[in-house]
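> Structure of the sequence below:
(chains A and B)
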Protein chains: 2
Amino acid sequence: MDLTALRNANPEHWDKAAAIRTLTLDAVAAANSGHSGMPMGMADVATVLFEKHLKFDASAPNWPDRDRFILSAGHGSMLIYSLLYLTGHGDVTLDEIKNFRQLGAKTAGHPENFLVEGIETTTGPLGQGISNAVGFAMAEEIQRAHYGKKVVDHYTYVIAGDGCLMEGVSQEAITLAGRHELSKLIVFWDNNNITIDGTVDMADRTDQVRRFAASGWHVIEIDGHDPQAIDTAIVQAKKSNKPTMIACESHIALGHAAQDTSKGHGALTDQEQLKAAKEGYGWPHDAFEIPANVKSAWESIGSRGAAERAAWEERFAQISERKQAEFNRAYAFEAPKKLAGAIRAFKKQISEDQPKLATRASSEKVLNVVNPIMTETVGGSADLTGSNNTKSADMGVFLPENRKGRYIHYGIREHGMAAAMNGMALHGGIRPYGGTFMAFTDYARPSMRLAALMKVPSVFVMTHDSIGLGEDGPTHQPVEHLAISRATPNTYVFRPADSVETAEAWELALTFKDSPSVLSLTRQGVPTVRTDHKAKNLTSQGAYVLADAEGKRQAILIATGSEVSLAMEAKAMLEAQGIGTRVVSMPCMELFAEQDEAYRKRVLPGGPVRVGIEAAVRAGGWDRWLLGERGREAKAGFIGMSSFGASAPANELYKHFGITAEATVAKVKELLGL
Amino acid sequence: MDLTALRNANPEHWDKAAAIRTLTLDAVAAANSGHSGMPMGMADVATVLFEKHLKFDASAPNWPDRDRFILSAGHGSMLIYSLLYLTGHGDVTLDEIKNFRQLGAKTAGHPENFLVEGIETTTGPLGQGISNAVGFAMAEEIQRAHYGKKVVDHYTYVIAGDGCLMEGVSQEAITLAGRHELSKLIVFWDNNNITIDGTVDMADRTDQVRRFAASGWHVIEIDGHDPQAIDTAIVQAKKSNKPTMIACESHIALGHAAQDTSKGHGALTDQEQLKAAKEGYGWPHDAFEIPANVKSAWESIGSRGAAERAAWEERFAQISERKQAEFNRAYAFEAPKKLAGAIRAFKKQISEDQPKLATRASSEKVLNVVNPIMTETVGGSADLTGSNNTKSADMGVFLPENRKGRYIHYGIREHGMAAAMNGMALHGGIRPYGGTFMAFTDYARPSMRLAALMKVPSVFVMTHDSIGLGEDGPTHQPVEHLAISRATPNTYVFRPADSVETAEAWELALTFKDSPSVLSLTRQGVPTVRTDHKAKNLTSQGAYVLADAEGKRQAILIATGSEVSLAMEAKAMLEAQGIGTRVVSMPCMELFAEQDEAYRKRVLPGGPVRVGIEAAVRAGGWDRWLLGERGREAKAGFIGMSSFGASAPANELYKHFGITAEATVAKVKELLGL
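Have a look, this model is predicted:
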């Protein structure tokens, strides 16, 4: 590349982009770690986007109608930090830039949405950003349909690298966006032909242009260092009625000795080479120094949107107060006041009717109550709508011809679904839930983890939650999946025992503001165990005494979900033999762990033997409750799974794997030495 | 569809295909569950493939040079069971067909490789079969290059549905196959336009032909019910120098009232409709009845390959005895005799040199010893070769121009890598290992679970296994991933403390025949703790006393991996205060659980307080060892993580999260009431 020619062709643009490049070089050198090449390669694209197109106001990074900018290639985090600092974001100061990747800095190794307002999503695990972006764009469409174009009308821009496009989840995202004609989604592909192991060609020869076109995208190919071409492409992209991919031919680590090499992907810290690169940019300034004229030009860009924001605020003030309140409530993840009463009424009815129902069917009944009063919910399923019971009666289907639809047929794309759900929640104004079989937690797992890390209240509706799934066999029978979600920080896993607990679990999941929930729901019918109506949400305590011992308390059975009614059977058998037995229903271990010690001891007093019952592996968090955190609390046993399941009718499998009331009774007696 | 015209055009073909269709209808009706439509739709393709092309011998389903047939759309399991029964597979009898989906039947809900020889891989979780198939085709190329075309020369055929192609992993598989020009991979796409939720169009409008072509595939479009077209397409596919996708326009549940509907996807059990469908087929026979002439025609197909197999056996007998032994040893997953000695010598050297090395670097050193003596290993990484240390010095890179290469640059495709690894192992003759960052266990997870279920000894090399990863931050720092793999049945998770344990872990992983291993390896350097050479593989016992208490034993520290040296530091501090402390290194919890109780009690006697140390969540299987399986064994505590990590240099993070020798000492003293 002839940098001098580039510089001379457009010196003002050049300096703005050089500011990004040099901040990146300086910050990575100071940290002695990081990824220099990507921000250096995509500085021109980012500069043009921010200068000419991105609707934002640096002083109000959370303005709801801002355009969203997502750095899917999250390792290039210095790109976003540079942009935030340069445009005058209040939190990303020069000190933060200098403190790149250090403990407590907002400028973490990868961009973290929970550290800085205006970082729309946490990226780094490749393919996530572009897949979140589909959710952002869906959220914009749904909200625009609901509130009107005067209140919601913005674009979602993404920078994605080769890694993002090689990850399978990107295919799910791309095909979903193509099907739904998400025309306000614009993706820049950083086509630099370099990955960590070498040139892209070593591992991939995909014709990305043809691939995107095959999924219904508008594709434009440009020189990613030509400001005019970048601008023109964005103008064209905005006019398209399809999502647009702009393939930007770029040079990783532009102007550095490591340009166009995989070394350029990583941390470029050699001081001589750094100096030479800056010379090539015509940048005589000190480390971290941005000349006043360049900083001021960038700050003008940062305040460019202020007027537009003020106009938006006026327009927003003109919509009805009810709509304003609804909008603000949804953005704050506040549940409507009506919710509690509706759930209470539902629970009361159930306690009277006492149906035998699969909890997935109970979940559908709850959604039929919830969705009409929570206009911000958006549901869906990865092609298992009838099995996951995720579509309530009032929900239209989201399609290009029905943007008011709040139900998304995600197709067989569990990972893409979970990523899009996170994107919707991050966009704001939407509370997403989506279903699949619980065993396919595995497919959605990378995005489920990120929901927890990003503090996003997505609700994952995981049905067919044990060997109770039956004949489909071990590939479809979760055994370790409760353990997986329970081991994940900031994740609430609910395994309700009946319709009442299902309603309580939903109520909690729908009121969380910064934690995802996993609802573990049965395929098979289960009896109502909460036959005594209690207005209070007992699930909110995580575990509670469902039925106490009649005689002297010798045993405590702790069970979840479909196994609670089995514990009740075992209790009846034990009491008949004079063994006083308490049954504790434990729909949410995480909430129980949050209760004070006095409550936990009241529910699980030391002394009686304890048996846990769950059709899953014991490693799913059980030992803490069975043995006590410090040990020595009780003699304990577990009735559950220790292998994969098998293919057979559900009731035969329960017998085959010894998850029965009889086995529970035997285990209690064994522990009591009887 | 005019079934009469189809039947009349080719009555012999028709009856053979009708046998599949009616067996499917009868078996699903008897089980009252299953998926009828897919086998009915693809019966014609399968019939032509088996009759005219598939190289196999029903009497020897494990003949190494057979063509492989993979039913990626595994829910259509009755297709494969029908084919196996009809062609005369010894194990899939008519009784098994009648027993479809019942407890103990070989005819499980989805095809399970471990139940029936000749079922090449377990399918059902969509996208897995087609992704395994890439590994099968790679294994064939690698083995053909090594043993010659006379010994290895076969095709891999796949039937994939819309679900397989929507799953992201299929994109990883397709692009990998295209890059590597796997011309002996032939995929039939069951293009029936139906998914569970409705028509494909509801969720997807991808132009699959264009998509495959964009990844370097040869694509042919045919009528999937025209035997001549099917035959011609396969002939063409075999001639191509690219992988081929044959798009087969088909009718799900052909000839049934539910044809071309999503109802047709599931269990068609209505007796009247079943009768009508059979009438349409011109099939007047009883349930499960196959007329003798049709059965006999199918059995001829089943024995068609016998002569070819005999010829192959003659050719095989002509290669050198050394090569024969190597071939047979690799197929049996037998490690070479040399392995044990080489590992011992390596360990001895390490105990003398006592290097401070990251265990990922130790792993590379081990691979430099192992790979030259185990010609069946095939390594790789998902674009982190230099970080995962997975490429040994002797390994060439697998490419179309170098089929002898045993190292695969998988690209940024963790899921596709894991699936391909499983495919190689299932193909036989290859022992695959592959690396990524441990946090990206999440991406590979669906295939890692299947490795365990399928009893496949893939080795997952997971480096950067804790907050020790440092500045890349919480997205890249595993916290719950040890827990995830440990909760999975039939999975051995090794977290070696130093180079010696790393060698021992590799030795075990390389001798397993029916279990996958996860190697959890550090980014950061760790000192040698096994300074005393022991010929015996101590890791094989899962845990052992690394250093016993000097004074009266008051505490036991149990640690893994990078935290073992920290435990040793804490021990020194405790002993200095007169607190006798044992250190137990626990590189593999699963192997320790397999030891007899006497050994376990010797290592972890009741009495002393116990503290576990691992830079991960306590839910990772710890309580069993800290508290004792039945409780009451010891007072215990844990030093580890209870949240996600953060972005900072590793040593700062260890301090920040309180994983230090000082914190360990404090915990011991607290438990001792000191």
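> Smallest gap between the stretch 301-450 of chain A and chain B, at which residue?
Closest to chain B within the stretch 301-450 of chain A is residue A:411: 3.1 Å, counting by C-beta to the nearest C-beta. (Glycine included, C-beta is placed from N, CA and C.)
> Would you confirm that that residue contacts residue B:166?
Yes: under the criterion of C-beta atoms under 8 Å, residue A:411 makes contact with residue B:166 at 5.0 Å.
> Pull out the buried residues from stretch A:208-227.
The neighbour-count check on stretch A:208-227 (16 or more other C-beta atoms under 10 Å in any protein chain shown) flags A:208-209, A:211-222, A:224-227 as buried.
> Touching both of residue A:411 and residue B:166, which residues are there?
By C-beta atoms under 8 Å, 6 or more residues apart in numbering or on different chains, residue A:411 and residue B:166 have these common neighbours: A:172, A:175, A:383, B:203-204.
> Please give me every residue in contact with the residue nearest to residue A:592 when sequence neighbours are not counted.
Nearest non-adjacent residue to residue A:592, counting by C-beta to C-beta, 6 or more residues apart in numbering or on different chains: residue A:542, 2.8 Å away. Contacts of residue A:542 were listed using C-beta under 8 Å, 6+ apart, and they are A:586-595.
> Helices - which of those residues land there?
Secondary structure assignment by DSSP state H places A:589-594 of the contacts of residue A:542 in helices.
> Just the buried residues from those residues, in ChimeraX please.
Filtering these down to the buried ones (16+ other C-beta under 10 Å) takes a single ChimeraX command:
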select /A:589,590,591,592
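> May I see the ones in helices among the contacts of residue A:542 organised as JSON lines, with pLDDT added?
Putting the ones in helices among the contacts of residue A:542 into JSON lines (pLDDT from 0 to 100) gives the following:
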{"residue": "A:589", "pLDDT": "98"}
{"residue": "A:590", "pLDDT": "98"}
{"residue": "A:591", "pLDDT": "98"}
{"residue": "A:592", "pLDDT": "97"}
{"residue": "A:593", "pLDDT": "96"}
{"residue": "A:594", "pLDDT": "97"}
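> Residue A:42 touches residue A:78, doesn't it?
No: at 10.9 Å, residue A:42 does not count as touching residue A:78 under the criterion of C-beta under 8 Å.
> Indicate the residue of the stretch 51-200 of chain A located nearest to chain B.
Nearest to chain B, among the residues of the stretch 51-200 of chain A, is residue A:168, at 2.7 Å (C-beta to the nearest C-beta).
> which residue sits closest to that residue in space, ignoring its chain neighbours?
Here the nearest residue to residue A:168 in space, its sequence neighbours aside, is residue B:168; by C-beta to C-beta, 6+ apart that works out to 2.7 Å.
> Touching, that neighbour and residue A:414? I think so.
No: contact between residue B:168 and residue A:414 fails when scored by C-beta under 8 Å: they sit 9.0 Å apart.
> So which of these two has more stuff around it?
Between residue B:168 and residue A:414, counted using other C-beta atoms under 10 Å in any protein chain shown, residue A:414 has the larger neighbour count: 34 against 30.
> how close does that one sit to residue B:395?
Distance of residue A:414 to residue B:395, computed by C-beta to C-beta, to the nearest Å: 35 Å.
> what does residue A:656 give?
As defined by C-beta to C-beta, residue A:656 lies at a distance of 45 Å from residue B:395.
> Residue A:403 - how many residues pack around it?
Using other C-beta under 10 Å, residue A:403 has 17 neighbouring residues.
> contacting residues for it?
Residues counted as contacts of residue A:403 (C-beta under 8 Å, 6+ apart) are A:141-142, A:144-145.
> ok, now with 10 Å
Residues touching residue A:403, when contacts are defined by C-beta atoms under 10 Å, 6 or more residues apart in numbering or on different chains, comprise A:138, A:140-146, A:180, A:396.
> just residue A:669 next, same as before
By C-beta under 10 Å, 6+ apart, the contact set of residue A:669 is A:554-555, A:574, A:577, A:579, A:609.
> tell me which element it is part of?
With elements delineated by DSSP states H and E, residue A:669 resides in helix A:661-671, which encompasses its position.
> wait, is residue A:186 part of a strand?
Yes: residue state for residue A:186 (DSSP: H, G, I helix; E, B strand; the rest coil) corresponds to a strand.
> could you measure it against residue A:217, distance?
Here the distance between residue A:186 and residue A:217 works out to 10 Å (C-beta to C-beta).
> shared neighbours of these two, anything?
Residues touching both residue A:186 and residue A:217 by C-beta under 10 Å, 6+ apart: A:240, A:243-245.
> thinking again about what came up before, who touches both of residue B:168 and residue A:414?
Between them, residue B:168 and residue A:414 share these contacting residues under C-beta under 10 Å, 6+ apart: A:169, A:172, A:443.
> Which residues of the stretch 201-350 of chain A lie near chain B?
A:201-216, A:262, A:265-267 (C-beta under 10 Å from any C-beta of the partner chain).
> Repeat the analysis, applying 7 Å as the threshold.
With C-beta under 7 Å from any C-beta of the partner chain as the criterion, the stretch 201-350 of chain A comes near chain B at residues A:202-207, A:210-211, A:214-216.
> Greatest separation within these: which pair is it?
Based on C-beta to C-beta, the longest span within these runs between A:202 and A:216 and measures 29.6 Å.
> Looking at strand pairing, list the partners for residue A:581.
Here residue A:581 shows beta-bridge partners residue A:555, assigned using DSSP bridges.
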